[in-house]
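Asker: here is a sequence with its predicted model. Questions after.
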Amino acid sequence: MATIVLDDLGKQFGGVRAVDHLTLEMADGEFVALLGPSGCGKTTTLLMLAGIYRPTRGEIRFDGVAVNDLPPQDRNIGMVFQSYALYPHMTVFENISFPLRLQRRAPEEMRRRVQEAAAQVQIEGLLDRKPAQLSGGQQQRVALARALVKQPALLLLDEPLSNLDAKLRVLMRAEIKRLQRTLGITTILVTHDQIEAMTMADRIAVLKDGALEQVGTPDDLYYRPATVFVAGFIGTPPMSFLNVNVERSDGRLVFVGESLRLVAAEPAAARLGTRSGALVLGIRPEDIRLSLVPSEGSIEGRILDVEPMGREFVVAVTVGREVVVALAGHGFAGRHDQPVWLGMPSDRLYVFDPATDTAIT
Amino acid sequence: MAQTVTATPGPAPWQPWRSPEEVASLARRARRRDATGRAAIYAALGLLSLPILIPYLWLVAAAFSQRVSYGLLPSGFTLNNWRFLWVGNLGFVTGTAGRLPNIWQVVWNSLVLAAGTTVIVVVVATLAGYFVSRHDFRRRTAFLKGALMLQAFPGITLLVALFILLRTLNLLNSVAGVILVIATLHLPFALFVMKGFFDGIPWDIEMSALIDGASRLRAWYTVLLPQVRNGIGAIAMFSFLWGWTDYIFVLTFILRRSSWTMALYLSSVIGEYRFVDYGLMAAVGVFYMIPSLLFFLFTQKHLLQITIGGTKA
């Protein structure tokens, strides 16, 4: 158990800056997800935490002590790799007991702790098997048990679920979260899957191009995204964006786009103050009301595509040259190429500054 | 003309696809074709292996025969040809250039040569293969290219230079000198084999071992080495046989009879004259083959792994 601090962390490979000025604090027992697209530096950050890579700038502190110079074996870390990285020539028991063997634990203690760890992930019956004889899900549990058996100060999970099939992934998501709660181990999850991050983590750090975009609770990221990137990355289907200009007519604030006019009511108007010029409007699919008949204040578009999702439809609508994605209930009767009207409540609009790509609040 | 006009396009009337008798006969034909095909392959392969098999069969037969008529047909069972194993001094043997040294001394020399080569090749190639696979160092590509070139270089062209080198190092006439030469010339191949095996182990597994608490060295021998044991087995076998079967280097660098190896012994039995004791030659030849046969018998599995390990540069 430990508090973890990344202080102005940076890692450079030759001329490539993989991680840049990353500052992040994690409380003891907290579950933090590093979320971002591939190549955003999240795995590099994880490997710096593990001690495999040495930071080229900044500091990593465990419980207030800088560990930059500690090799991996002295950091007391457990890690689960995307590939599971089980030792193919060892049995499951030998795999799980490997960290304890390196600590020269007594055989009885080793046996007891391996049993405990195996029980935690429900693989007691598989201890004599070799990794090749296990299914992907079982291998993952072995990897988890091996990471937990030494009671690590920090648990690192590198895309642990991405090699599992969809059903098992949902199951393991809940199970890992439950284990983390029960054991109270500070845990860092690296993932590119925002649903994984949202469902499992207490807090999420969104990375892009090696730099931190935003840190916050899942709620923060969803309802108060700080940047266009975060707004577009979190949520499925993703938020839609429209380029508009702010104009004032009759003392009212109006968003004017290529083929739309939207009167801005409170609270969007208040947020903008006296601002004028170009803006980016964001709206989430579930906040758009679709209608096949025009109504006051709605925007006209044309249906590009309707994807049935069972309970609802994901409807892509072209508004001018831009595409807006909306959700519609299962009674929706719109078809491809039909005109459709979108209602966008002002209190559900996100407003971004196109110059900086950050939210205007 | 009139008929084509009246024929209206439409679905053809339903017809049974094939009668059961027709299907049965077709299946029978397919089975027969499979069987004859397989028989033909066996026959062809058998025929092709005859030129390889017959000399070996002849060698074994001749080794236990009293006479070899016309140098071709062995007859009359005897163990007399194997007397070189228990008679210390064979005296003058037809065709040999002088007296043969004691066979067990020769076997011992050969074993030392083969085992020494094996130890050097395995230790150096395993360590170097790991390093080359995992570390990016300056001139890595140049190093690998150089190693490949050394492998392609015919060792015989180096004979004179190596002779002078060994004489300078005072290693002429010693098995140790030959060990160094053979090991050196074959190291590139072994290095590439081992590099291929190490390349096949994902980084994740090594990182995992480090995080689990192993030192770099510990991770290397507890986690990585067991996973390349097929590669080690393969290069061990090859280098043993390189040492065991080498002729040209021992012939050139070993002049003293007490340092003779099996290859020289066999060659002197064959002799440079017309009258050859075929029985003795065959027996020595069979005796010489035994380690090779044993090795192939027990290490085929490792050998086949080489292609799986790959040798991508």
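Answerer: Looks like it came in fine.
Asker: CA atoms only for the lowest-mean-pLDDT helix or strand in chain A - export them in PDB, please.
Answerer: Using mean pLDDT, DSSP states H and E, the weakest-scoring helix or strand in chain A turns out to be helix A:268-272, at a mean of 75. Provided in PDB are the C-alpha atoms of helix A:268-272 (Å, rounded to 0.1, in the frame of the first residue of the first chain):
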ATOM      1  CA  ALA A 268     -24.700  28.500 -22.300                       C
ATOM      2  CA  ALA A 269     -25.200  32.300 -22.800                       C
ATOM      3  CA  ALA A 270     -24.000  33.100 -19.300                       C
ATOM      4  CA  ARG A 271     -20.800  31.100 -19.800                       C
ATOM      5  CA  LEU A 272     -19.900  33.000 -23.000                       C
END
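Asker: now do it: distance to the chain's middle.
Answerer: Relative to its parent chain, helix A:268-272 has a centroid offset of 29 Å by CA atoms, centre = their mean, to the nearest Å.
Asker: spit out the contact partners of B:R134.
Answerer: Neighbouring residues of B:R134 by CB atoms under 8 Å, 6 or more residues apart in numbering or on different chains: B:F198, B:E206. To be clear about C-beta, it is placed using only N, CA and C from the backbone, and glycine gets the same treatment.
Asker: per-residue pLDDT of it, please?
Answerer: In this model, B:R134 is scored at 89, pLDDT.
Asker: how about the residues of the stretch 51-200 of chain A near chain B?
Answerer: A:51-52, A:71-73, A:75, A:77-79, A:81-83, A:85-89, A:98-99, A:102-103, A:146, A:150, A:156 (CB under 8 Å from any CB of the partner chain).
Asker: which stretches of the stretch 101-250 of chain A form helices?
Answerer: Counting by DSSP state H, counting those that start in this stretch, the segments of the stretch 101-250 of chain A that form helices are A:107-120, A:136-148, A:166-183, A:194-200, A:218-223, A:228-233.
Asker: ok so, going back, just the ones of the residues of the stretch 51-200 of chain A next to chain B in strands?
Answerer: With strands identified by DSSP state E, the entries of those that belong to them are A:I77, A:G78, A:M79, A:L156.
Asker: and which of the residues you listed is nearest A:A333?
Answerer: Nearest to A:A333 among these is A:L156, at 49.7 Å by CB to CB.
Asker: was I right to think the closest one contacts A:L49?
Answerer: Yes - look at A:L156 against A:L49 with CB atoms under 8 Å: they come within range, at 6.2 Å.
Asker: shared neighbours of the two, anything?
Answerer: A:I77, A:I188.
Asker: excluding chain neighbours, what is closest to A:I195?
Answerer: Using CB to CB, 6 or more residues apart in numbering or on different chains and skipping the chain neighbours, the partner closest in space to A:I195 is A:T236 (6.9 Å).
Asker: next, count neighbours for that neighbour.
Answerer: Using other CB atoms under 10 Å in any protein chain shown, the number of residues around A:T236 comes to 11.
Asker: just B:F143 next, same as before
Answerer: Close neighbours of B:F143, defined as other CB under 10 Å, add up to 14.
Asker: wait, doesn't it sit right on B:D136?
Answerer: No - with contact defined as CB under 8 Å, B:F143 does not count as touching B:D136 (11.4 Å).
Asker: thinking again about what came up before, so which bits of the least confident helix or strand of chain A are buried?
Answerer: For helix A:268-272, the neighbour count (16 or more other CB atoms under 10 Å in any protein chain shown) marks A:A268, A:L272 as buried.
Asker: tell me which residues are up against it.
Answerer: A:V246, A:L253, A:A264, A:L279, A:S346, A:D347, A:L349, A:V351, A:I360, A:T361.
Asker: as JSON lines, those residues with pLDDT, distance to chain B and secondary structure would be great.
Answerer: Formatted as JSON lines, the entries for the contacts of helix A:268-272 read as follows, by pLDDT from 0 to 100; distance: CB to the nearest CB, whole Å; DSSP: H, G, I helix; E, B strand; the rest coil:
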{"residue": "A:V246", "pLDDT": "88", "distance to chain B": "51", "secondary structure": "strand"}
{"residue": "A:L253", "pLDDT": "83", "distance to chain B": "54", "secondary structure": "strand"}
{"residue": "A:A264", "pLDDT": "79", "distance to chain B": "52", "secondary structure": "strand"}
{"residue": "A:L279", "pLDDT": "90", "distance to chain B": "46", "secondary structure": "strand"}
{"residue": "A:S346", "pLDDT": "83", "distance to chain B": "50", "secondary structure": "helix"}
{"residue": "A:D347", "pLDDT": "84", "distance to chain B": "48", "secondary structure": "helix"}
{"residue": "A:L349", "pLDDT": "89", "distance to chain B": "45", "secondary structure": "coil"}
{"residue": "A:V351", "pLDDT": "90", "distance to chain B": "44", "secondary structure": "strand"}
{"residue": "A:I360", "pLDDT": "85", "distance to chain B": "43", "secondary structure": "coil"}
{"residue": "A:T361", "pLDDT": "77", "distance to chain B": "41", "secondary structure": "coil"}
